[in-house]
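Enquirer: generate a structure from the sequence data that follows.
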Amino acid sequence: MPRKGMRSLCFSPKHSSSPTFSTASPSRFGFSPSRPSFSDSVMDRTLELADPIIMKWNPETTTLARVTSLFYENRREAKDFIKTVNNLQKAMHFLVMENSSSDKLVRAQHLMQIAMKRLQKEFYQILSMNRAHLDPESVSTRSSRTSLASTSSYNDDDDDDDAAAADDSISEVEDASMAVMADLRLIAECMISSGYGKECLKIYKIIRKSIVDEGIYKLGVEKLSSSQIHKMDWEVLDLRIKKWLSAVRTAVQTLFNGERVLCDEVFAASDSIRESCFTEIAKEGAMLLFSFPENVAKHSKKSPEKVFRVLDMYTAIANHWPEIDSIFSFESTAAIKSQALTSLVKLGEFVRAALDEFESAIQKDSSKSPVAGAGTHFLTMEAMDYLSNLADYSNVLADIVADSPPSAKKNLPETYFGFSDTEESPAPAISLKMAWLILVLLCKLDTKAKYYKDVSLAYLFLANNLQYVVVKVQTSNLKYLLGDEWLSKHEGKVKQFAANYERLGWGHVIDSLPTAAVAPEKIAEIFKKFNSAFDQAHRKQAHCVVLDQKLRDHIKVSIARKIVRLYREFYNANREKMAGERNSAAVVRYAPEDVGHHLSDLFFGHVGSGSSSSFESSPADSRRPRSR
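Expert: Sure, this is the predicted structure:
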């Protein structure tokens, strides 16, 4: 008790006399045997003040105390009640050190028991009746777990007006929550200092743990055994994962954070109490929340189509890790953080295994039927859609694949791999992984090109598929992982494939036209030779398809620039000479404009269903748009 308070009890101006020290006694530091001791005087005064205040709120003696809440009825009286109990406890402490057998201690202890029962009831009522003000969302709106002492603790010099005016900027909800927390803290500190902490904590733990457990249940987090997850259809498990993803943010930022704030405020006076209290309240629910991803990762088949949900869970934990680390910072909650980390590790293992399975699926694709029109293979579309979606998770994937064993890049030329990766300038692991998976795909496509009997179609197939790869890289986050060097090299390869297709598919048409003047007797023969070569090439290439407009225009312009230019020169130079010849219309079948029109109609052929691949699309990934 502060000195001012002690003086008011021992030397109140209401009394004309005060205890007198004996200066004549040989024991000059003791009290006169004929007068009460200092501690007795303190106790007398304390009992005189405490009795009416405490007994007024004894539920066994007054109707008011049975039906009314002290803190709800009169907050100033509640403040006085707490002060009185604290003064009584301190007076008892002084007296027991001097005279442990005093009758006054018995009376004081009786009053203390009545007061503790009252406070115990008040504590329960506040916790039970103010769930709206103590719900985690309201409590967690506090920006930090700072002490309420400056705004709401009841010091001797405080009054209700000071507390109410502490911070005008706080919202009404926050203000109400802080007032309730202040009342709980006031009662808790009084009961704990008076030796009744066990009763206080029991009430708090029971009520608040039920709220946390109920919150976890309402968020849809259920306890599932490893065998249940292993036997569960992916569609069902996917729905459970969606619920978990929706729950984890609320659980961390609101439920557990709010509970930690509340616990820190109510039991601010004791680090050990608030630690043990929060741990007992939150541990079961938190362990249930953070063990679910581990169970999914350990007991689900590690197939490529599941990787996005797993990455979503990894991202959720990783993004909330600063809050998890802060909320569960106690030594006794280390197991919760350990569980969250274990889930991250297992999820990472799942992703690495799924990527290996994805690579294996590409390599094992056994389709041998050439794609109609030398168009884009279904494997190319699926694989690149998959990789472009993966690139959206590049931040977490960078951590996951950093622990992967290096790919067999060292066995391949650097130019074949796609970009520089030297000891002096090493490429990020995620970039190497993506480049490697694309390289595996391109190698597989190179094998499939060999199924075309016409070599020109094989090159068109390679040009189409590599162009699809390049565009997917350009229009996704793969661009930032692979870089401009990779794109430049592969764009160059597309042009090489297109040039080879042009040379093999249309070279004989170009070769049929002379580049110099010809003898008159050779003119008809050259026209016929061109007609035959052009008809043959056009008939063969008419069913071809180039879906990418940029590549289609590039190929058509390149072919037209060579064929139409040469044919127009020959046509203009020799058409008049053929005008008088018999069957000239059959010999000069095409005007240069006709050739141009025929070429402009190319590469819109109808593509068949194409080949199927062993890597099937993900039902769970239907939420992700696919560009075909």
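
Enquirer: can you give me the helices for the stretch 101-250 of the chain?
Expert: 103-129, 131-134, 136-139, 149-152, 160-164, 172-193, 197-218, 226-231, 234-250 (DSSP state H, counting those that start in this stretch).

Enquirer: CSV for these, including distance to M313 and mean pLDDT?
Expert: C-beta coordinates here come from the backbone N, C-alpha and C atoms, glycine included. Shown next, in CSV, are these (distance: least, CB to CB, whole Å; pLDDT from 0 to 100):
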stretch, distance to M313, mean pLDDT
helix 103-129, 34, 87
helix 131-134, 30, 78
helix 136-139, 22, 70
helix 149-152, 39, 40
helix 160-164, 44, 49
helix 172-193, 32, 85
helix 197-218, 17, 93
helix 226-231, 13, 88
helix 234-250, 7, 94
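
Enquirer: okay, those in CSV with mean neighbour count and distance to A463 next?
Expert: As requested, the helices of the stretch 101-250 of the chain are exported to CSV (neighbours: other CB atoms under 10 Å; distance: least, CB to CB, whole Å):
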stretch, mean neighbour count, distance to A463
helix 103-129, 18, 72
helix 131-134, 16, 66
helix 136-139, 22, 57
helix 149-152, 17, 72
helix 160-164, 13, 77
helix 172-193, 21, 64
helix 197-218, 17, 56
helix 226-231, 13, 46
helix 234-250, 17, 37
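
Enquirer: skipping its backbone neighbours, what lies nearest A449 in space?
Expert: A458 (4.2 Å; CB to CB, 6 or more residues apart in numbering).

Enquirer: what are the buried residues along the helix or strand hosting that neighbour?
Expert: A458 belongs to helix 455-474 when assigned by DSSP states H and E. Buried residues in helix 455-474, counted by 16 or more other CB atoms under 10 Å: 456-473.

Enquirer: please look at Y571 and E593 and confirm they touch.
Expert: No. Contact criterion CB atoms under 8 Å: Y571 and E593 do not qualify, at 10.0 Å.

Enquirer: so the two - more neighbours on which side?
Expert: Shown here are Y571 and E593; by other CB atoms under 10 Å, Y571 has more neighbours (19 against 10).

Enquirer: what sits against the more buried one?
Expert: Neighbour list for Y571: V588, A591, P592 [criterion: CB atoms under 8 Å, 6 or more residues apart in numbering].

Enquirer: make it 6 Å
Expert: The contact partners of Y571, taken as CB atoms under 6 Å, 6 or more residues apart in numbering, are P592.

Enquirer: per-residue confidence for it?
Expert: Note for Y571: predicted pLDDT of 90.

Enquirer: same question, the one 4 residues further on
Expert: According to the model's per-residue confidence, R575 sits at a pLDDT of 81.

Enquirer: hang on, the earlier thing: Serialize the helices of the stretch 101-250 of the chain to a markdown table and add fields for distance to S326.
Expert: Output for the helices of the stretch 101-250 of the chain, formatted as a markdown table (distance: least, CB to CB, whole Å):
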| stretch | distance to S326 |
| --- | --- |
| helix 103-129 | 25 |
| helix 131-134 | 21 |
| helix 136-139 | 15 |
| helix 149-152 | 21 |
| helix 160-164 | 28 |
| helix 172-193 | 19 |
| helix 197-218 | 17 |
| helix 226-231 | 30 |
| helix 234-250 | 15 |
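
Enquirer: quick one: closest of these to K298.
Expert: Proximity to K298, assessed across those by CB to CB, is greatest for helix 226-231 (6.8 Å).

Enquirer: export the closest one as PDB, just CAs?
Expert: The C-alpha atoms that make up helix 226-231 are tabulated as PDB, following Å, rounded to 0.1, in the frame of the first residue of the first chain:
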ATOM      1  CA  SER A 226      -4.000 -40.200 -41.100                       C
ATOM      2  CA  SER A 227      -6.100 -43.200 -42.300                       C
ATOM      3  CA  GLN A 228      -9.100 -41.000 -42.900                       C
ATOM      4  CA  ILE A 229      -7.100 -38.600 -45.100                       C
ATOM      5  CA  HIS A 230      -5.400 -41.500 -46.900                       C
ATOM      6  CA  LYS A 231      -8.800 -43.100 -47.800                       C
END
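
Enquirer: can you get me a residue count around V546?
Expert: Counted with other CB under 10 Å, V546 comes out at 26.

Enquirer: ugh, wrong one, L504
Expert: Each residue near L504 was counted by other CB under 10 Å, and the total is 16.

Enquirer: do A499 as well
Expert: 14.

Enquirer: quick check: can you list the domain ranges of this structure?
Expert: Using automatic domain parsing, the domain ranges for the chain come out as 3-12+34-150+162-203, 207-359, 371-628.

Enquirer: those domains: lowest mean pLDDT?
Expert: Among the domains of the chain, domain 3-12+34-150+162-203 scores lowest, with a mean of 74.

Enquirer: now do the contacts for V509.
Expert: V509 touches A533, F534, A537, I563, counting by CB under 6 Å, 6+ apart.

Enquirer: could you pull out the strands in the stretch 251-400 of the chain for me?
Expert: Using DSSP state E, counting those that start in this stretch, the stretch 251-400 of the chain contains no strands.

Enquirer: what about the helices in it?
Expert: Secondary structure of the stretch 251-400 of the chain (DSSP H, counting those that start in this stretch): helices at 257-266, 271-299, 307-319, 321-327, 334-364, 378-391, 394-401.

Enquirer: buried residues, the fifth one. List them.
Expert: Translated: helix 334-364. Those would be 336-337, 339-340, 342-344, 346-355, 357-359, 361-362, for helix 334-364 by 16+ other CB under 10 Å.
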